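J.: Sequence and predicted structure below; questions after.
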Amino acid sequence: MDEENNVTSEVTVETVETIADETPDVAENPAPAQTKAKKSRRTPLIIAAALVLIAAIAIPTAISRDRAKRYAEGEEYLAEGSYAHAEEVFLDLGGYKDAAARAAYAADGVIYAEAKELMAGGDYTGAIDRLTPIAEFEDAAALIEECRNEIIYLQAKDLYEDSRFSEAGELFEQLGSYKDSADLALDCEDAIVYEQATELYEAGRFAEAKELFEQISTYMDAESMAEFSALAIVYGQAAELYEQALYTEAKELFVQAVPYGDAETMAAECDLQLGRLETLAALDAGEYERALELLRSDAGSRVEDREALIRTCEDTLAYREAEALLKDGHNYDAYQKFLALGDFSNAADRAKKCIVSYPRTGQTYRNPKYRGTVCALTIKPPADGTRTFFKIYAVSGDQQTLVSCIFIRANGKTTVRLPAGTYVFKAAYSSGNWFGPTDMFGPDGVYQRLVNSATSGSTFTLRRNYSYTLTLRTSTGDGNVSTVGENQNDF
């Protein structure tokens, strides 16, 4: 039906044009009557032809408006970045305006968008491959450069993480101001110096290490490592002094080196070594009390043969004490100490020297203030093989004064002459060793105070020109004496 209408329209138009061409100009061929008659017959045809002409003009106009609308739609897609839709629209417009060029632009945009997605996914190589053919599109050239920089940046970061700082630094320098490349390039330089400083530190070259750590003091713990390097230098000096046995000086430096290594422990060790030297010096000087005190403390813990030296000090001090006791007449106490020393020095021989030969029977001591002889006192111990030591004290008020000491050998007796007066008598006896007038028979002896049977008291009154006999250790004796136990220290 449309084809028929199109044919009719075309014929009609051609007919109208032919008629127009064939109609003479009215001005040139004036014919009023005929002209009037012709107008009457041709008017419908003219109107019809005009309508057909209007329709022919209106249809292309509508088509043009639709294409303009589609073109604008394509531009909107481009503005939105919907390049695939834009390409479809512009391809559909065919030769309309610059639709072909816009379609080509949109096709580049599709590739551009794909490349951006690849970049977002980290596939920078793939993105470069997509962007290179459209390098002139928008900022594609800048994106290609960014991808190349990012690839290098990631490589540099991987090298940095692997501590390959020299290679990483070269790449970061190559990147210039890209991201934080400049800072990381400086970090790589510092890291290289840090590694060198660390190697020197571990090799014990602390002065060189300290210098390098100070150059990069803001990098990681470089400042602390510089301080530790300084402490290590001091520690090394202290260690040298320690090896030279200069413990006082060494301790001072070890204290300065704390908290480096075992500096605190070594400072304490210096104290122990100083204690050892002090102990040995005390031993050499014969200051055994001081030496023993040191040996028993931490100060003596570093002394070789410490336990043996402690015993030596103890034995030496005991020996000295025994000698002092012997000198003071405490023969029995000295005897016991010498015996306890066993085979130390000549202790066994000294123990023998503590035993005194029995004195002869008679007075061993007489107070020169009591020279009177007007009374005679005979002392008769029992004949039981024991030896007797007898003491006579003069009594004056609450005071007792030793007047005479008498030794009576076994089975003997003796008489002593005294001034008239009041006396206290004490008797000790034993069959054992005699240790002199101070320790007497020692704890093995029996010590007694005589009791006056007539008064039940401890005093005896001797009258001028009278003779008295004391028969010891019998239940009845001469009827005037008995005994009570006496403490050796009070004898």
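T.: Received the coordinates, thanks.
J.: Around residue 101, how many other residues sit close by?
T.: 10 (other Cβ atoms under 10 Å). (Each C-beta comes from the backbone N, C-alpha and C, glycine too.)
J.: which outside residues touch the host helix or strand of it?
T.: Residue 101 belongs to helix 99-120 when elements are defined using DSSP states H and E. Here helix 99-120 makes contact (Cβ atoms under 8 Å, 6 or more residues apart in numbering) with 71, 74-75, 77-78, 81, 83-84, 86-87, 90-91, 93-94, 124, 126-127, 130-131, 133-134, 137-138, 140, 143, 146-147, 150.
J.: again, only this time at 7 Å
T.: 71, 74, 78, 81, 83-84, 86-87, 90-91, 93, 126-127, 130-131, 134, 137-138, 140, 143, 147 (Cβ atoms under 7 Å, 6 or more residues apart in numbering).
J.: Next: stretch 207-222.
T.: 190, 193-194, 196-197, 200-201, 223, 225-226, 229-230, 233.
J.: Just say helix, strand or coil for the nearest residue to residue 272 once chain neighbours are set aside.
T.: Spatial nearest neighbour of residue 272, excluding adjacent residues (Cβ to Cβ, 6 or more residues apart in numbering): residue 302 at 4.7 Å. Here residue 302 is coil, with the state taken from DSSP: H, G, I helix; E, B strand; the rest coil.
J.: Phi and psi next, for residue 302.
T.: Phi and psi for residue 302, reported as degrees, to the nearest 10, are phi -100, psi 10.
J.: what residues are up against it?
T.: By Cβ under 7 Å, 6+ apart, the neighbours of residue 302 are 272-273, 275-276.
J.: rerun at 6 Å
T.: Contact analysis of residue 302 by Cβ atoms under 6 Å, 6 or more residues apart in numbering lists 272-273, 276.
J.: repeat for residue 90
T.: Residues in contact with residue 90, defined by Cβ under 6 Å, 6+ apart, are 74, 99, 102-103, 106.
J.: switch to 8 Å and redo it
T.: Each residue near residue 90 by Cβ under 8 Å, 6+ apart is listed here: 71, 74, 99-100, 102-103, 106.
J.: what's the closest of the residues you listed to residue 63?
T.: Nearest to residue 63 among the contacts of residue 90: residue 71, at 12.7 Å, using Cβ to Cβ.
J.: Count the residues that sit near the closest one.
T.: 18.
J.: tell me the secondary structure for it?
T.: Assignment for residue 71 (three-state DSSP): helix.
J.: wouldn't it be in contact with residue 93 here?
T.: Yes - in this structure, residue 71 is within contact of residue 93 by Cβ atoms under 8 Å, at 6.1 Å.
J.: hmm, back to that, residues of the helix holding residue 101 that come out buried?
T.: Across helix 99-120, burial judged by 16 or more other Cβ atoms under 10 Å covers 99, 102-103, 105-112, 114-116, 118-119.
J.: Ok, stretch 65-84 next?
T.: Buried-residue list, stretch 65-84, by 16+ other Cβ under 10 Å: 67, 70-71, 74, 77-78, 82-83.
J.: ok now do the residue nearest to residue 389 when sequence neighbours are not counted, which residues does it touch?
T.: Distances taken as Cβ to Cβ, 6+ apart place residue 428 nearest to residue 389, at 4.6 Å, with adjacent residues excluded. Residue 428 sits next to 388-391, 440-441, 445-448, 488, 491 when contact means Cβ under 8 Å, 6+ apart.
J.: Which of those fall in helices?
T.: The helices, defined by DSSP state H, take in nothing from the contacts of residue 428.
J.: Which ones among those residues map onto strands?
T.: Using DSSP state E, the members of these that fall within strands are 388-391, 446-448.
J.: Most neighbours of all those residues, which one?
T.: Highest neighbour count within the ones in strands among the contacts of residue 428, by other Cβ under 10 Å: residue 388, with 26 neighbours.
J.: can I assume that residue is in contact with residue 381?
T.: Yes - Residue 388 is in contact with residue 381 according to Cβ under 8 Å; the separation is 4.2 Å.
J.: Give me the common contacts of these two.
T.: By Cβ under 8 Å, 6+ apart, the residues touching both residue 388 and residue 381 are 408, 427, 429, 472.
J.: Among those residues, which ones are in strands?
T.: 408, 427, 429.
J.: tell me which residues form a beta bridge with the second one?
T.: Following DSSP bridges, residue 427 is listed with bridge partners residue 390, residue 448.
J.: Please give me every residue in contact with it.
T.: 379, 381, 388-391, 448, 450, 472-473, 483.
J.: same question, residue 320
T.: Neighbouring residues of residue 320 by Cβ under 8 Å, 6+ apart: residue 288.
J.: ranges for the strands of the chain?
T.: Using DSSP E, strands in the chain cover 362-366, 375-380, 387-396, 399-408, 414-418, 421-430, 446-452, 459-462, 467-471, 481-485.
J.: wouldn't residue 166 be in contact with residue 192 here?
T.: Yes - in this structure, residue 166 is within contact of residue 192 by Cβ under 8 Å, at 6.1 Å.
J.: okay, who's weakest in the contacts of residue 427 by pLDDT?
T.: Among the contacts of residue 427, residue 473 has the lowest pLDDT, at 85.
J.: what about the closest residue to that residue other than its chain neighbours, how many residues close to it?
T.: In space, residue 473 comes closest to residue 382 once its chain neighbours are excluded; the distance is 5.0 Å by Cβ to Cβ, 6+ apart. Neighbourhood size, residue 382 [other Cβ under 10 Å]: 14.
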